[in-house]
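**Q** let's see this in three dimensions:
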Amino acid sequence: MATAVNVEKKKNISPVIKNKKVISVFTLALLNVALVVSLRSLPMMAEDGMSLIFFYVFGALIFLIPSALISAELATGWDDGKGVFTWVKEAFGEKFGFAAMFLQWVQNIAFYPIVLIFGAGAFAFIVTPELAQNKFYMLAVILGVYWISTLINLRGVGLASKISSIGVVLGTLIPAAVIILLGVAWFLGGNPSAIPMDARNIIPEFSDLPKLALLVGALLTFAGMEVNAVHAKETKDPQKSFPKAMLLSSVMILVVFILGSLAVALIYNPSSPEAIAAGGQEMVAGMMVAFEQYFDHYGIGFLTPIFAILLTIGVVAGVLAWVAGPSKGLFKAGREGLLPPVLQKANKNGVQVNILLIQGAIVTAFALFMLILPSIQDAYWIFTALTIQLYLIMYILMYASALKLRYKRPDVKRAYTIPGGNLGMWIIAGIGITGAILGIVLGFIPANTEYYENALKDPMMFVSYALMLFIGISVFVLAPFVIHRFKKPSWKKEYTEAEMS
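**A** Predicted structure coming up:
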């Protein structure tokens, strides 16, 4: 990877490198699918029935596609491996570049409790669904899995990546294929549906604010496409190949999400005995309730605990993959003198040990915060809203940077550029920024229908919900600017190119 010193030298070099491995359109599409697809969102979106189709498609149009195209242009123009830090820094300066990188890192910290709550809800079915409502059980699983994942990552990325690759297949791809096949079999078998299968229900009631707030959840499911944008220049003829790969992956992702969510919605009934036993927690245990009902119907109930284990493996694999990854970018930025020397330290395996320990401390605080909330589902939605709002602020900085760099640095060669000249960039960036602002605003509306209805009777519930989000957003948005304000020249150390990689 290039150091900051080498970045300027590389800017006018063509990104086409001879003898470089070429990634096919289909391979790049699969990489995007593997990165984005997660079963965690299926029960969340299934709760809204046929209108989930609208939310997924709308989310793809205003978020998935703009983020993929814009990050591809930026990644093929500025490829020093530091991603949004370099992109935003080039456009708006070091302070904002550091803020973008910080937000990309910190939103993952809010994300860990979400995915671990889902995993703990699945694992509860091995013993008893009631465990999914026990806060202390959830706390133990969240902290146990997270800290074990951290310890594994401290030994280097090799072991974590091997476990993650196997876990993604066992815990995500196989269950996704099975739930879709079960849903298709159920539908073709003429079985009764838990939701009205009427095309008129695809368009949601726009007066139903909690349902509109589900768009926030849909946006979160599509986040992360900027990670694989670095592969755009590795395709043959990126200008044509990359859009094809994005279109193909978008269709594949939408098919998995829509069919998977509908498969859950076809059979999952929040009023069922299984759902009631799990506290009616659609987001926490809905996936396993759906599997259990399908398996019982087809006389293969013995598979329920097996799939509970598989879903848990998938969650653990995801956490293992993400614990060290996002903090690596912050670590690289820190070694440019933006973090105190204590946070620039790596262990003998080259892992950013002190950053990971601070990250773990924040995750622990978030998990403990869950104990004071009324329910596990409330914690799930607050963490979801906080995660996507922090991420969307980062995306706004990224979109704005792409737009500004079209005028500020037109000399930089991009292997891929958004077609249509500057007008094309204005359209795509404008859609992205508008979608991000919409997501931030809707994030302040409780998506939990029961919570929303109770809040109508007690407005202070609205106030407390919005206040918790506002405080969380404010703290994490201001933190990088405060750190940058008080940075010292002594923080800047000299590192070799290998140490900066």
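**Q** ranges for the strands of the protein?
**A** With DSSP state E, there are no strands along the chain.
**Q** might you report the residue contacts of the residue most central in space within it?
**A** With the centre of the chain defined as its mean C-alpha position, the nearest residue by C-alpha atoms, centre = their mean is A223, 4.4 Å away. Contacts for A223 (C-beta atoms under 8 Å, 6 or more residues apart in numbering) come out as V36, F63, S67, I388, Y391. The way it works is simple: take the backbone N, C-alpha and C, and place the C-beta from them, glycine included.
**Q** at 10 Å what do you get?
**A** By C-beta atoms under 10 Å, 6 or more residues apart in numbering, the contact list for A223 reads 35-36, 63-64, 67, 107-108, 111, 387-388, 391-392, 394-395.
**Q** next step: the residues you listed restricted to helices.
**A** Assigned to helices by DSSP state H, the following of these qualify: L35, V36, S67, Q107, N108, F111, T387, I388, Y391, L392, M394, Y395.
**Q** can you select the buried ones among those for me in ChimeraX?
**A** Applied in ChimeraX, the following selects the buried portion of the ones in helices among the contacts of A223 according to 16 or more other C-beta atoms under 10 Å:
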select :35,36,67,107,108,111,387,388,391,392,394,395
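**Q** for the ones in helices among the contacts of A223, give me JSON lines that also has pLDDT and distance to M288.
**A** JSON lines is the format used below for the ones in helices among the contacts of A223 (pLDDT from 0 to 100; distance: C-beta to C-beta, whole Å):
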{"residue": "L35", "pLDDT": "69", "distance to M288": "24"}
{"residue": "V36", "pLDDT": "76", "distance to M288": "22"}
{"residue": "S67", "pLDDT": "89", "distance to M288": "31"}
{"residue": "Q107", "pLDDT": "86", "distance to M288": "27"}
{"residue": "N108", "pLDDT": "82", "distance to M288": "25"}
{"residue": "F111", "pLDDT": "81", "distance to M288": "21"}
{"residue": "T387", "pLDDT": "87", "distance to M288": "23"}
{"residue": "I388", "pLDDT": "86", "distance to M288": "24"}
{"residue": "Y391", "pLDDT": "91", "distance to M288": "27"}
{"residue": "L392", "pLDDT": "92", "distance to M288": "30"}
{"residue": "M394", "pLDDT": "94", "distance to M288": "32"}
{"residue": "Y395", "pLDDT": "94", "distance to M288": "32"}
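**Q** before we move on, the earlier item: which phi and psi does the residue nearest to the centre of the chain have?
**A** When read as degrees, to the nearest 10, the backbone of A223 gives phi -70, psi 150.
**Q** output stretch 40-54 as CSV, nothing but the C-alphas.
**A** Taking C-alpha atoms only, stretch 40-54 is exported to CSV below (Å, rounded to 0.1, in the frame of the first residue of the first chain):
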residue,chain,number,x,y,z
ARG,A,40,-30.3,-10.0,10.2
SER,A,41,-32.6,-7.6,8.2
LEU,A,42,-35.1,-10.2,6.9
PRO,A,43,-37.4,-10.4,9.9
MET,A,44,-37.2,-6.6,10.4
MET,A,45,-38.4,-5.9,6.9
ALA,A,46,-40.8,-8.9,6.9
GLU,A,47,-42.9,-7.2,9.6
ASP,A,48,-44.1,-4.7,6.9
GLY,A,49,-45.4,-7.3,4.5
MET,A,50,-45.6,-6.6,0.7
SER,A,51,-44.4,-3.0,1.2
LEU,A,52,-40.9,-4.3,2.0
ILE,A,53,-40.5,-4.6,-1.8
PHE,A,54,-40.9,-0.8,-2.1
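**Q** start the count at 528, not 1, going forward
**A** Shifting the count to begin at 528 puts that one at stretch 567-581.
**Q** report the distance from it to the chain centre.
**A** The chain centre lies 17 Å from the centre of stretch 567-581; the measure is C-alpha atoms, centre = their mean, to the nearest Å.
**Q** give the rounded mean pLDDT of that stretch.
**A** Mean per-residue pLDDT for stretch 567-581: 80.
**Q** can you pull out the helices in the stretch 778-927 of the chain?
**A** For the stretch 778-927 of the chain, the helices defined by DSSP state H, counting those that start in this stretch cover 800-804, 809-824, 830-850, 852-860, 880-896, 903-935.
**Q** for the fourth one, name the packing helices and strands.
**A** In this structure, helix 852-860 makes packing contacts with helix 611-619, helix 621-654, helix 684-695, helix 880-896, judged by 3 or more C-beta pairs under 10 Å, 6 or more residues apart in numbering; DSSP states H and E.
**Q** change it to 7 Å
**A** For helix 852-860, the elements it packs on are helix 621-654, helix 880-896, judged by 3 or more C-beta pairs under 7 Å, 6 or more residues apart in numbering; DSSP states H and E.
**Q** next, the angle from the first one to helix 903-935.
**A** Same thing as helix 621-654. Per axes from the mean of the first three to the mean of the last three C-alpha atoms, to 10 degrees, the angle that helix 621-654 makes with helix 903-935 is 150 degrees.
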